[in-house]
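Peer 1: Any chance you could fold what I've pasted below:
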Amino acid sequence: MSDPMQVDTEAQEALGPITRSDLFHLSHKEQELFNFLMQIVKEYDLKVVLRVAGGWVRDKIMFSQSDDIDIALDTMMGKDFANYVTKYLIAHGLETHHVGVIQTNPEQSKHLETATTRVLGVSLDFVNLRSEKYTEDSRIPEMDIGTPWQDAHRRDLTINALFYNINTGEVEDWTRRGLEDLNLRVIRTPLPPFQTFMDDPLRVLRTVRFACRLGFHIQPEIFEAGSHANVRDMLAHKISRERICKELLGMLKGDRPALAIHYLHQMGLFESIFQLAETTVGNVHDFASIGTSTVRQAQRLLRSVDPIPADSKRVFLLASILYPTKGHIWITKKKKEDPLSNYMMIESLKMTSEDTVHVDMLYQTSSEFREVLQDFATSHGNNFSLRRVGLLLRRAKYLWLESLYLSILHDLPNFENPIDPDVIDANFEPNALPFWLLQAEQLRQRIFNAGLVGVWNMKPLVDGKTLLQLLQIPQGPILTKITQEIIEWQLDHPAGTVAQCEEYLLANKDRYVAEAAALKPTKGKK
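Peer 2: Model (predicted):
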């Protein structure tokens with residue numbers, strides 16, 4: 001007796017794709033490239049259909065530039081076709097390039113061998129069409145060469161399952177919904193979303209990222225499937241943190257990071273992504289709710305001020321999401337206390353050590369910036385110490401502005417309405433900034449006017465060697481203390497000269513000698 005599901009699948013595949021040839025025009029470079037590939041097919045009489053798969057097709061239809069060209073082959077492996085490309089180049093006396101082979105690596109979403117090379121100056125990936133079959137006890141699929149229908153239906157979203165058939169010059173929609181969803185600006189999975197997400201839970205995050213990047217609506221059944229306890233558990237325990245990190249960073253790069261985090265919170269996935277340490281000391285109250293609302297404030301603030309560099313934006317948004325962990329600690333394996341944000345960044349999210357240090361630094365310096373800003377505001381701008389602010393900037397370095405902004409996020413007006421996928425939160429108008437943002441912008445301008453930007457690169461006017469000769473003191477820890485005092489003197493005397501600084505040092509020589517003696521270790525002790 002026939003399997004009804006198998007019969008239904010065969011019937012759907014027999015319908016074939018929806019095809020269109022009028023959706024976009026190829027650029028001169030693209031036409032030249034595709035003609036070149038077809039010459040190779042004809043010269044060696046290859047019984048193969050070449051299709052550009054996925055994102056390139058979507059972006060072309062949306063009139064967006066894309067250089068990410070993946071060529072899917074229906075009857076041969078990617079490496080085999082790439083070798084034909086090399087053979088053709090050699091036969092015609094053209095420049096050849098190395099053929100790289102990316103082996104299967106499920107942890108990095110590489111489920112089948114991919115060949116890469118350059119053709120006419122364009123980097124291409126060659127891979128065969130494929131089918132996937134998952135078993136209940138493993139998320140690593142069994143792979144096989146597939147049909148266009150099978151390849152399209154194993155993809156994450158219908159809008160990413162479109163092909164451009166190079167042989168025929170037509171767009172193919174084998175799901176028969178991708179073109180419609182693209183037109184309606186809808187996010188939908190080719191197969192039932194629960195099945196799609198259980199096959200690979202990372203697809204939930206990809207769904208969120210694409211929805212926010214493209215401004216598309218997520219179908220209700222996707223929210224229902226993404227909220228399922230089994231999906232949450234799989235995402236938390238079966239997917240590598242590195243893969244999760246990559247998707248999260250993609251969300252933060254977009255125009256609507258707050259909406260992405262809101263979606264994660266809405267589906268109950270926030271805690272699956274931002275996992276607290278088991279040895280966290282105390283409770284992090286309302287982590288998901290506060291983290292989600294704080295990053296929304298951060299996004300609105302960023303839209304209201306001058307643009308900041310992409311690296312700084314990433315760190316600022318991460319610090320905003322993780323803000324509820326500020327001041328909390330966790331106990332390391334070596335039984336030592338450590339800021340909880342360090343665990344979140346390194347262990348939970350697998351971010352870089354540099355970003356981890358920067359988030360911790362933002363938490364430390366933002367508290368000090370809050371005090372500086374408070375004094376600045378209550379004194380109507382009169383309480384502004386070059387030394388105090390300069391030393392703070394030397395700690396925050398080039399992230400000083402992000403630290404200042406972080407210090408006021410919870411003082412900004414609350415949102416009047418829930419977040420709306422169709423509407424980006426309005427930024428604050430320049431002539432109607434809320435009080436604390438206005439004060440922050442005035443302090444920012446004061447810092448610029450005072451010439452303090454870049455103060456973290458300021459060198460002491462008198463170096464260590466000169467200090468030893470000038471003060472006749474032995475080398476030791478006193479040098480660090482005096483060097484810091486020189487920096488403070490320079491902040492107090494922006495126009496001070498080397499001679500004036502040395503005069504100040506000589507005036508305090510007796511104190512330095514006494515302090516040097518006090519700091520000198522006693523005999524027999526280190």
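Peer 1: burial of the residue lying closest to residue 50 once chain neighbours are set aside, as a residue count?
Peer 2: Closest residue in space to residue 50, ignoring its immediate chain neighbours: residue 166 at 4.2 Å, by C-beta to C-beta, 6 or more residues apart in numbering. No exception for glycine: its C-beta is placed from N, CA and C like everyone else's. Look at residue 166: counted by other C-beta atoms under 10 Å, it has 20 neighbours.
Peer 1: lowest-pLDDT helix or strand in the chain?
Peer 2: strand 138-145 (a mean of 65; mean pLDDT, DSSP states H and E).
Peer 1: check contacts around the residue nearest to residue 50.
Peer 2: When the contact criterion is C-beta atoms under 8 Å, 6 or more residues apart in numbering, the partners of residue 166 are 34, 37, 38, 49, 50, 51, 52, 71.
Peer 1: would you turn these into CSV with pLDDT?
Peer 2: Written out in CSV, the entries for the contacts of residue 166 read as follows (pLDDT from 0 to 100):
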residue, pLDDT
34, 97
37, 97
38, 97
49, 97
50, 98
51, 97
52, 97
71, 96
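Peer 1: Can you tell me which of these lies closest to residue 402?
Peer 2: For residue 402, the closest of those turns out to be residue 52, at 40.3 Å, with distances computed as C-beta to C-beta.
Peer 1: Relative to residue 321, how far out is the residue nearest to residue 50?
Peer 2: Noted for residue 166: a distance of 43 Å to residue 321, by C-beta to C-beta, to the nearest Å.
Peer 1: any weak-confidence spans in the stretch 1-150 of the chain?
Peer 2: Where the stretch 1-150 of the chain drops to pLDDT under 70, the residues are 1-8, 103-112, 133-143.
Peer 1: would you list every one of the helices in it?
Peer 2: Counting by DSSP state H, counting those that start in this stretch, one finds helices in the stretch 1-150 of the chain at the ranges 4-15, 28-43, 55-61, 78-91, 148-153.
Peer 1: which parts of the longest one are buried?
Peer 2: Put plainly, it is helix 28-43. Neighbour counts using 16 or more other C-beta atoms under 10 Å place 30, 33, 34, 36, 37, 40, 41 of helix 28-43 among the buried residues.
Peer 1: Which residues are in contact with the third one?
Peer 2: Okay, so that is residue 34. Residue 34 sits in contact with 26, 50, 166, where contact means C-beta under 8 Å, 6+ apart.
Peer 1: and if you look at the last one?
Peer 2: Contacts here follow C-beta under 8 Å, 6+ apart; on that basis residue 41 touches 48, 50, 167.
Peer 1: any chance of these in a markdown table, with distance to residue 20 and neighbour count too?
Peer 2: Compiled in a markdown table, those are given as follows (distance: C-beta to C-beta, whole Å; neighbours: other C-beta atoms under 10 Å):
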| residue | distance to residue 20 | neighbour count |
| --- | --- | --- |
| 48 | 22 | 17 |
| 50 | 18 | 21 |
| 167 | 15 | 14 |
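Peer 1: Filter those residues down to the ones in strands?
Peer 2: Applying DSSP state E to those, the entries found in strands are residue 50.
Peer 1: Which of the helices or strands spans the residue positioned nearest the centre of the chain?
Peer 2: Here the mean C-alpha position of the chain is nearest to the C-alpha of residue 249 (C-alpha atoms, centre = their mean), at a distance of 1.8 Å. Here residue 249 is covered by helix 241-253, with elements defined by DSSP states H and E.
Peer 1: returning to what we had before: which one of the contacts of residue 166 is nearest to residue 150?
Peer 2: Distance ranking of these against residue 150, using C-beta to C-beta, places residue 51 first at 13.1 Å.
Peer 1: Now the closest one: closest residue in space, sequence neighbours ignored.
Peer 2: The shortest distance from residue 51 to any residue that is not its chain neighbour, by C-beta to C-beta, 6+ apart, is 4.1 Å, and that residue is residue 163.
Peer 1: What is the burial count for that neighbour?
Peer 2: Residue 163 has 26 neighbouring residues, counting by other C-beta under 10 Å.
Peer 1: I figured it was touching residue 57, is that so?
Peer 2: Yes: between residue 163 and residue 57 there is a contact under C-beta atoms under 8 Å: 6.4 Å.
Peer 1: so what's in contact with the two at the same time?
Peer 2: Common neighbours of residue 163 and residue 57 are listed as residue 171 (criterion: C-beta under 8 Å, 6+ apart).
Peer 1: who touches the nearest residue to residue 259 once chain neighbours are set aside in this structure?
Peer 2: Spatial nearest neighbour of residue 259, chain neighbours left out: residue 212 (5.1 Å); criterion: C-beta to C-beta, 6+ apart. Under the criterion of C-beta under 8 Å, 6+ apart, the contact partners of residue 212 comprise 251, 254, 255, 256, 257, 259, 260, 263.
Peer 1: what about residue 212, distance to residue 281?
Peer 2: The span separating residue 212 from residue 281 equals 34 Å under the rule C-beta to C-beta.
Peer 1: Residue 196 too?
Peer 2: Computed as C-beta to C-beta, the residue 196 to residue 281 distance reads 39 Å.
Peer 1: higher neighbour count, the two?
Peer 2: When neighbours are counted by other C-beta under 10 Å, residue 196 comes out ahead of the other of residue 196 and residue 281, with 24 against 12.
Peer 1: What residues sit buried inside the helix or strand harbouring the more buried one?
Peer 2: Secondary-structure assignment from DSSP H and E places residue 196 in helix 193-199. With burial defined by 16+ other C-beta under 10 Å, the residues of helix 193-199 counted as buried are 193, 194, 196, 197, 198, 199.
Peer 1: okay, that helix in CSV with CA atoms only?
Peer 2: The C-alpha atoms that make up helix 193-199 are tabulated as CSV, following Å, rounded to 0.1, in the frame of the first residue of the first chain:
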residue,chain,number,x,y,z
PRO,A,193,7.5,25.6,11.0
PHE,A,194,7.6,23.2,14.0
GLN,A,195,9.2,20.5,11.7
THR,A,196,11.6,23.1,10.2
PHE,A,197,12.7,24.3,13.6
MET,A,198,13.1,20.9,15.2
ASP,A,199,15.2,19.8,12.2
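Peer 1: picking up where we left off before, and the pLDDT for the residue nearest to residue 51?
Peer 2: The per-residue pLDDT reported for residue 163 equals 98.
Peer 1: Quick one: residues contacting it.
Peer 2: With contact set as C-beta under 8 Å, 6+ apart, residue 163 has these partners: 17, 51, 52, 53, 57, 72, 148, 152, 171, 172, 174.
Peer 1: Relative to residue 148, how far out is it?
Peer 2: Distance from residue 163 to residue 148, counting by C-beta to C-beta: 6 Å.
Peer 1: Could you name every residue contacting both of those two?
Peer 2: Contact with both residue 163 and residue 148 is made by residues 17, 51, 72, 172, 174, according to C-beta under 8 Å, 6+ apart.
Peer 1: Secondary structure element holding the residue lying closest to residue 245 once chain neighbours are set aside?
Peer 2: Spatially, and ignoring its direct neighbours in sequence, residue 245 is nearest to residue 350 (4.5 Å; C-beta to C-beta, 6+ apart). Secondary-structure assignment from DSSP H and E places residue 350 in no helical or strand segment.
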